[in-house]
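**Q** The sequence isn't on hand, but the structure is:
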């Protein structure tokens, strides 16, 4: 039970610090060295440094980027959460020129953790 609670807090803190606050250094603390992000639309991202670039790309395009964790469920080494992302597109994003439009996107993600670090999502 203690590890489940710890995993939940790791994910919450990582999202808050890395995505919402733009503190990319927390990736070194919270992501495993061999971290991988699976995404059929954007392709795989492997390693901490590449994921930092991914976060920076999002925060550059949406400087007011804010991801709210709406619901979170943790079972063993897996943390799954439903999120809402809000932001204003002030930079280029995936080939789309800045629009100045506010966006709101929802989704779900699951992260696997090992030894207190996020290994994949």
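**A** Perfect, thanks for sending it. Computed from a predicted structure; not experimentally measured. Numbers count the residues shown, from 1 in each chain.

**Q** Next, count neighbours for residue 102.
**A** By other Cβ atoms under 10 Å, the residues close to residue 102 number 11. In short, each C-beta sits where N, CA and C put it, glycine included.

**Q** my bad, residue 72
**A** 14.

**Q** Next: the one 4 residues further on.
**A** Here the number of neighbours of residue 76 (other Cβ under 10 Å) works out to 10.

**Q** same thing with residue 19?
**A** By other Cβ under 10 Å, 20 other residues sit near residue 19.

**Q** where exactly do the helices run in the chain?
**A** Taking DSSP state H as the test, the helices found in the chain are 2-14, 26-30, 48-61.

**Q** where does the residue positioned nearest the centre of the chain land on pLDDT?
**A** By Cα atoms, centre = their mean, the chain has its centre lying nearest to residue 15, at 5.5 Å. Residue 15 is assigned 97 on the pLDDT scale.

**Q** Next up, the contacts around the closest residue to it other than its chain neighbours.
**A** Among residues not flanking residue 15 along the chain, residue 67 sits closest, at 5.6 Å (Cβ to Cβ, 6 or more residues apart in numbering). Neighbouring residues of residue 67 by Cβ atoms under 8 Å, 6 or more residues apart in numbering: 15, 19, 20, 83, 84, 85.

**Q** and the last one, what does it touch?
**A** In this structure, residue 85 makes contact with 65, 66, 67, 68, 103, 104, 105, 106, 107, judged by Cβ under 8 Å, 6+ apart.

**Q** Next: the first one.
**A** Residue 15 sits next to 67, 69, 83 when contact means Cβ under 8 Å, 6+ apart.

**Q** Same question for the third one.
**A** Residue 20 makes contacts with 65, 66, 67, as judged by Cβ under 8 Å, 6+ apart.

**Q** The residues you listed in strands, which ones?
**A** Those of the contacts of residue 20 mapping onto strands are 66, 67, per DSSP state E.

**Q** from the contacts of residue 20, which single one is nearest residue 120?
**A** residue 67 (18.3 Å; Cβ to Cβ).

**Q** List the beta-bridge partners for that closest one.
**A** On the basis of DSSP bridges, residue 67 is bridged to residue 85.
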